[in-house]
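S.K.: 3D model of this:
(chains A, B, C, D, E and F)
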Protein chains: 4
Amino acid sequence: MLLTLAFESETPLYQQIKNQIITGIAQGKLQPGEALPSVRQLAADIGINFHTVNKVYQQLKQENWVVIHRRSGVIINPELNLKADEVYRESLTSTLEVLFAEAHLRGITLEESHHLIKTIYQSYVQEVSK
Amino acid sequence: MLLTLAFESETPLYQQIKNQIITGIAQGKLQPGEALPSVRQLAADIGINFHTVNKVYQQLKQENWVVIHRRSGVIINPELNLKADEVYRESLTSTLEVLFAEAHLRGITLEESHHLIKTIYQSYVQEVSK
Amino acid sequence: MLLTLAFESETPLYQQIKNQIITGIAQGKLQPGEALPSVRQLAADIGINFHTVNKVYQQLKQENWVVIHRRSGVIINPELNLKADEVYRESLTSTLEVLFAEAHLRGITLEESHHLIKTIYQSYVQEVSK
Amino acid sequence: MLLTLAFESETPLYQQIKNQIITGIAQGKLQPGEALPSVRQLAADIGINFHTVNKVYQQLKQENWVVIHRRSGVIINPELNLKADEVYRESLTSTLEVLFAEAHLRGITLEESHHLIKTIYQSYVQEVSK
DNA sequence: GTGGTCTAGACCACT
DNA sequence: GTGGTCTAGACCACG
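M.R.: Residues are numbered from 1 along each chain as shown, chains lettered A, B, ... in the order given. Sure, this is the predicted structure:
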């Protein structure tokens, strides 16, 4: 998978990487069980400090997106089985509330929003794992 | 309108305030032409420094959400007429891509997403301004 | 002459009024010797504090645009005979330098600028006084 | 590039700095892609508070003059590509109207104005970027 | 009383 | 070491 970074973005680099990995999983570009490059490898590839990559991997591990094996390195969690608990749903809802408040005021209708999200969902794979 | 701040949140205070004001406009709690409290007043009300409030107002002014009168203070832009240009649409799309990638992987279906967004839109007023 | 104020502008009200009076003289809408409304009259007409109007008149007097007679009120200086001294030329030059630096970077050519200024000059009367 | 501040001027310090940076770009003293000093560095150099410099940089960023990298600090936007939209042209025109009204009344002719502006344009670089 | 400007200093996130 | 956030307090311009 190819990572593209926007160094001038407000979004921290580690966040950009994390986002792209999670999106990559959703889109099937990264399969559960698949290995990710080593911290130093990835850092060298995209030309950033390896601490930054390390931070990403640690957070991904924390949130169960990946597992870190001592020998085989970092792999996408083969048992990927995250659930949307109440806390997650609430945070998602409030994020969307803010996001679509502005979208609505800028003239984006419910229909457009539905269509947009439908298109996005079509880029995701149906069955993620097991 | 009542503002509630999460002081322990990672989201900067000024961002929280800004979000709530924009959401407030979308939900009709704040009407175009309506006055906002003065920087010092609002700061005192919610117990923060007036510079933080000032930062919010300055950004809202920059983005045309409000108009700052030298005499009467800050009011919601009565000619609120923002448009969704290409830049905005792209940033919205990529934000949603990331957001729903995780949602999808957590088992939230397209139907659920549609329903969620429909509910959110129902909280917004139909006609914002002319 | 009709004054139009932009209350939401960054430009102070007193400055807007002053600008319009000077522009009015240049365009012949206000003739040397012509009387201006009284401070209270003008303030009432445009709905602002009379201190603001007073400030304008005092500055105009200071800069010799008007003379204030005890009985006949404020009139445009009939002997209007301002000269562009070195100080004035320097300040004009440096103002224009900044202004056209941005214009240039936004793609406005020298020819366009010439044309623009020519048009503006055409709105002025040829002979101002005596 | 050397910045010179007039502390006793009515023009706010941050505005003076901003003006000089934009003029510097137009005159080629600052090249697109070139780095500006860090907020604290510049502040120390010219003996002012770093918040004041920060304000300048934030505004320049908002108006797309510069790009702020999280790593390498602030650089002149390498893709400097500002356009003169209708709003800008109108504000420029009305500024010039006021400016030249006084100039005209002080005896500065159209020819002199043309010459002045031509000289100013000659201090700018021809091709700004790409 | 309103916002605008400037200073000063602290703490934090990111790289 | 870089910018980002927040607090605090002072003085000024405007109306």
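
S.K.: Let me see the contact set for A:Phe7.
M.R.: A:Phe7 makes contact with A:13, D:69-72, according to CB atoms under 8 Å, 6 or more residues apart in numbering or on different chains. C-beta: built from backbone N, CA, C; applies to glycine.

S.K.: What segments of chain A are strands?
M.R.: Under the criterion DSSP state E, strands of chain A are mapped to A:66-69, A:73-76.

S.K.: for chain A, which helix is longest?
M.R.: helix A:86-105 (DSSP state H).

S.K.: Who are the packing partners of that one?
M.R.: helix B:13-26, helix B:86-105, helix B:110-122 (3 or more CB pairs under 8 Å, 6 or more residues apart in numbering or on different chains; DSSP states H and E).

S.K.: what helices or strands is the last one leaning on?
M.R.: Read that as helix B:110-122. Partner elements for helix B:110-122 (3+ CB pairs under 8 Å, 6+ apart): helix A:86-105, helix A:110-122.

S.K.: What residues does chain A have near chain B?
M.R.: For chain A, the residues in contact with chain B (CB under 8 Å from any CB of the partner chain) are A:19, A:22-23, A:25-27, A:80, A:82-84, A:88, A:92-93, A:95-108, A:110, A:113-114, A:116-118, A:120-121, A:123-124, A:128.

S.K.: circling back to that earlier point, for the helices and strands packed on helix A:86-105, which one ends up most surrounded?
M.R.: helix B:13-26 (a mean of 21; mean count of other CB atoms under 10 Å in any protein chain shown).

S.K.: Report the angle between that helix and helix B:110-122.
M.R.: In terms of direction (axes from the mean of the first three to the mean of the last three CA atoms, to 10 degrees), helix B:13-26 departs from helix B:110-122 by 80 degrees.

S.K.: is any part of helix B:13-26 close to DNA strand E?
M.R.: No - Helix B:13-26 is not in contact with DNA strand E by CB under 7 Å from any atom of the strand; minimum separation 12.8 Å.

S.K.: what is the mean pLDDT for that helix?
M.R.: Mean pLDDT, helix B:13-26: 96.

S.K.: Tell me which of the helices and strands packed on helix A:86-105 sits nearest to DNA strand F.
M.R.: With distances scored as CB to the nearest atom of the strand, the stretch of these nearest to DNA strand F is helix B:13-26 (3.2 Å).

S.K.: what packs against the closest one?
M.R.: Using 3+ CB pairs under 8 Å, 6+ apart: helix B:13-26 touches helix A:86-105, helix B:50-62.

S.K.: Quick one: those as CSV, columns for mean pLDDT too.
M.R.: Formatted as CSV, the helices and strands packed on helix B:13-26 follow (pLDDT from 0 to 100):
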stretch, mean pLDDT
helix A:86-105, 96
helix B:50-62, 95
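
S.K.: what sits against the residue most central in space within chain A?
M.R.: For chain A, A:Ile22 is the residue whose C-alpha lies nearest the centre (CA atoms, centre = their mean; 2.4 Å). Counting by CB under 8 Å, 6+ apart, A:Ile22 touches A:65, B:98, B:101-102, B:105.

S.K.: next one: A:Gln16
M.R.: Listed by CB under 8 Å, 6+ apart, the contact set of A:Gln16 reads A:5-6, A:9.

S.K.: Repeat that for A:Ser9.
M.R.: With CB under 8 Å, 6+ apart, A:Ser9 has these contacts: A:Gln16.

S.K.: And it, how far from B:Ile68?
M.R.: A:Ser9 sits 29 Å away from B:Ile68, going by CB to CB, to the nearest Å.

S.K.: go on, A:His104?
M.R.: 24 Å.

S.K.: Now render the strands of chain A as TSV, adding distance to A:Gly47 and mean neighbour count.
M.R.: Shown next, in TSV, are the strands of chain A (distance: least, CB to CB, whole Å; neighbours: other CB atoms under 10 Å in any protein chain shown):
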stretch	distance to A:Gly47	mean neighbour count
strand A:66-69	22	17
strand A:73-76	19	18
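
S.K.: Would you convert those into a markdown table that also reports distance to C:Ser38 and mean pLDDT?
M.R.: A markdown table is the format used below for the strands of chain A (distance: least, CB to CB, whole Å; pLDDT from 0 to 100):
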| stretch | distance to C:Ser38 | mean pLDDT |
| --- | --- | --- |
| strand A:66-69 | 79 | 92 |
| strand A:73-76 | 81 | 92 |
